[in-house]
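# predicted model and sequence below, questions to follow.
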Amino acid sequence: MANATALLIFLLAALLLCHPGNAQQPSSSCGKSDISVTAAAAGNVVRGQREYVATIRTSCACPLKDVRVWCGGVEDSAVPLDAGVVEVDEGMCVLKRPVSKGSPAVFKYSSAVPVNFRVFNAAPAC
């Protein structure tokens, strides 16, 4: 009987510790200000346009979803964009997956001049 009581107490304690209301969660205050975008020349020239590598990353511990970045000019790229990473919608680059700390979204594009990327939206995914 003592073993059954001890087992019951253990199971109840385990359930309380695993309850989602008690779990420590990363801060959900992360947003578009936690996104940075860089573009570096890749060295190639395609149809008269320099090739660039765009990297979109976050410093936030929480992954960021629904990331949208103004990227006017990318739609005229001679280098096809990686459709698994980004799509262009009316001058806006829309990422296909959340961006996590240590796991940036990276894609190539070409342009006569570097694109001026500006973060429009990002929402916490935690």
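Structure's in. What do you need? Predicted model only: the values in this text are computed from it and were never measured. Numbering: from 1, shown residues only.

# low pLDDT regions in this structure?
Applying pLDDT under 70 to the chain flags residues 1-28.

# for it, which strand is longest?
Ranked by residue count, the top strand of the chain under DSSP state E comes out as strand 35-46.

# that strand: partners in the sheet, and parallel or antiparallel?
Paired with strand 35-46 in the same sheet, following DSSP bridges, are strand 49-58 (antiparallel).

# bridging residues for the residue nearest to the spatial centre of the chain?
For the chain, the residue nearest the mean C-alpha position is Val99 (1.4 Å; CA atoms, centre = their mean). Taking DSSP bridges, one obtains Leu64 as the residues bridged to Val99.

# do a quick rundown of the strands in the chain.
With DSSP E, the ranges of strands along the chain come out as 35-46, 49-58, 64-70, 86-89, 92-95, 105-111, 118-124.

# which positions within the last one qualify as buried?
Across strand 118-124, burial judged by 16 or more other CB atoms under 10 Å covers Val119, Phe120, Ala122, Ala123, Pro124. Any C-beta I mention is one placed from the backbone N, CA and C, and that applies to glycine too.

# residues near Lys65, how many?
When neighbours are counted by other CB atoms under 10 Å, Lys65 registers 16.

# let me know how buried Ser100 is, in neighbour terms.
Neighbour count of Ser100, defined by other CB under 10 Å: 17.

# ok, the closest residue in space to Ala105 that isn't next to it in sequence to Ala39 distance?
Nearest non-adjacent residue to Ala105, counting by CB to CB, 6 or more residues apart in numbering: Ile56, 4.5 Å away. Using CB to CB, to the nearest Å, we find Ile56 at a distance of 10 Å from Ala39.

# look at the two and report which has more neighbours.
Just comparing Ile56 and Ala39: by other CB under 10 Å the higher neighbour count belongs to Ile56, 25 against 19.

# check contacts around the more buried one.
Neighbouring residues of Ile56 by CB atoms under 8 Å, 6 or more residues apart in numbering: Ile35, Ser36, Val37, Val67, Val69, Leu95, Val99, Pro104, Ala105, Val106, Phe117.
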